[in-house]
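got a sequence here, can you model it:
(2 chains)
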Amino acid sequence: QKEVEQDPGPLSVPEGAIVSLNCTYSNSAFQYFMWYRQYSRKGPELLMYTYSSGNKEDGRFTAQVDKSSKYISLFIRDSQPSDSATYLCAKGGGNSGGYQKVTFGIGTKLQVIP
Amino acid sequence: GAGVSQSPSNKVTEKGKDVELRCDPISGHTALYWYRQSLGQGLEFLIYFQGNSAPDKSGLPSDRFSAERTGGSVSTLTIQRTQQEDSAVYLCASSLGGRGVVETQYFGPGTRLLVL
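Model (predicted):
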């Protein structure tokens, strides 16, 4: 079992829809959770970062962590064609060599259709 | 300011040849990471450098892979005797390098390697 499981999609939605992207993780020691966005032929860039459980909102994006079920979610409201990208969930922790190693999910490819 | 840069952007090589991939991190970032991204596998950690400390090589898939970081800045990932399964996008990232915390990693655009 991978440490972070994520459905690769692709997920196709109409413009304006609410998008829900999800991941599960297997090691409850982790406390830092991130979402990276990766456009085609580019490197990933940090979108949102949360610590422990709860919600964090940033504009149209909401990140949610449920530690009891080991579930990570990213919601995108009023989705736009410019949101079309691959979204990678990630978790930090499992201290190795004095730093917090980050483990990434496989990424979900999202397409928002105008 | 300048972000992480990688070269070459694309590399096509023949099976059995050696390749070198270069990464220039953001100035002032002491932590540097290499990842491999292939279809169906996601981002696979390869190696981590932090300042002058010994690198964490735990993700290197075989002894054909090696990396070095000169002067705490530029890094080179070398793949010897390339195999077709080495075909992937190789991504480099850097971060400020604060120990004990999870930091934002800034990624370069990657090098697309194709082994024929």
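
which parts of chain B are strands?
Using DSSP state E, the strands assigned to chain B run over residues B:5-7, B:10-13, B:19-24, B:31-38, B:42-50, B:65-69, B:75-79, B:88-95, B:106-107, B:111-115.

pLDDT weak spots in chain B?
B:1, B:98-101 (pLDDT under 70).

identify the residue nearest A:Leu11 in space, chain neighbours excluded?
A:Leu110 (5.1 Å; CB to CB, 6 or more residues apart in numbering or on different chains). To be clear about C-beta, it is placed using only N, CA and C from the backbone, and glycine gets the same treatment.

surely the one you found meets A:Ala17?
No. Contact between A:Leu110 and A:Ala17 fails when scored by CB atoms under 8 Å: they sit 10.5 Å apart.

quick one: which of these two has more around it?
Neighbours around A:Leu110 and A:Ala17, counted as other CB atoms under 10 Å in any protein chain shown, are more numerous at A:Leu110. The numbers are 21 against 14.

which non-adjacent residue is nearest the most centrally placed residue in chain B?
Nearest to the geometric centre of chain B sits B:Trp34, at 2.9 Å (CA atoms, centre = their mean). Computed as CB to CB, 6+ apart, the closest residue to B:Trp34 that is not its neighbour in sequence is B:Leu46, at 4.2 Å.

in contact with that neighbour, which residues?
B:Tyr33, B:Trp34, B:Tyr35, B:Arg36, B:Gly59, B:Leu60, B:Pro61, B:Phe65, B:Ala67, B:Leu77, B:Tyr90 (CB atoms under 8 Å, 6 or more residues apart in numbering or on different chains).
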